[in-house]
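Peer 1: model this:
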Amino acid sequence: MANPLAGEVALVLDGQRHRLKLTLGALVELEQALGADSLVALVERFETGRFSARDVMALILAGLHGGGTPVAASALLSAEIEGGPVEASRVAGQLLARAFSAPGAAA
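Peer 2: Just a heads-up that it's a prediction; the model follows:
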């Protein structure tokens, strides 16, 4: 379902598989949600392992919206993420890596 060559990542929420992608609009949403002037600090936090649960949830929400799933933040907070926090963090990191790599590059 998810195409990594197109920057997509899959995540199972409440038993349903979803396609996540950080489109330009999703990146704008992410900047607004985190109150950031740029995404460089967020990328650096993930690279150094100093990201927060808020960062992970904001990335997943933006990725869901970019992938075409209109879910509210409040619904995501109560959703069951298959694989738990570890999987959520892995998916968030992959979203960032794929959003900022050349098309078709391995991430």
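Peer 1: Setting aside sequence neighbours, what's the nearest residue to Ala92?
Peer 2: The spatially closest residue to Ala92, leaving aside those adjacent along the chain, is Leu59, at 3.9 Å (C-beta to C-beta, 6 or more residues apart in numbering). (Each C-beta comes from the backbone N, C-alpha and C, glycine too.)
Peer 1: Look up phi and psi at that neighbour.
Peer 2: Backbone geometry at Leu59, expressed as degrees, to the nearest 10, gives phi -60, psi -40.
Peer 1: neighbouring contacts of the helix or strand bottoming out on mean pLDDT in the chain?
Peer 2: Lowest by mean pLDDT, DSSP states H and E among the helices and strands of the chain is helix 40-48, with a mean of 85. Applying C-beta atoms under 8 Å, 6 or more residues apart in numbering, the set of residues contacting helix 40-48 from outside is 30, 34, 36, 51-52, 55, 59, 92-93, 96, 100.
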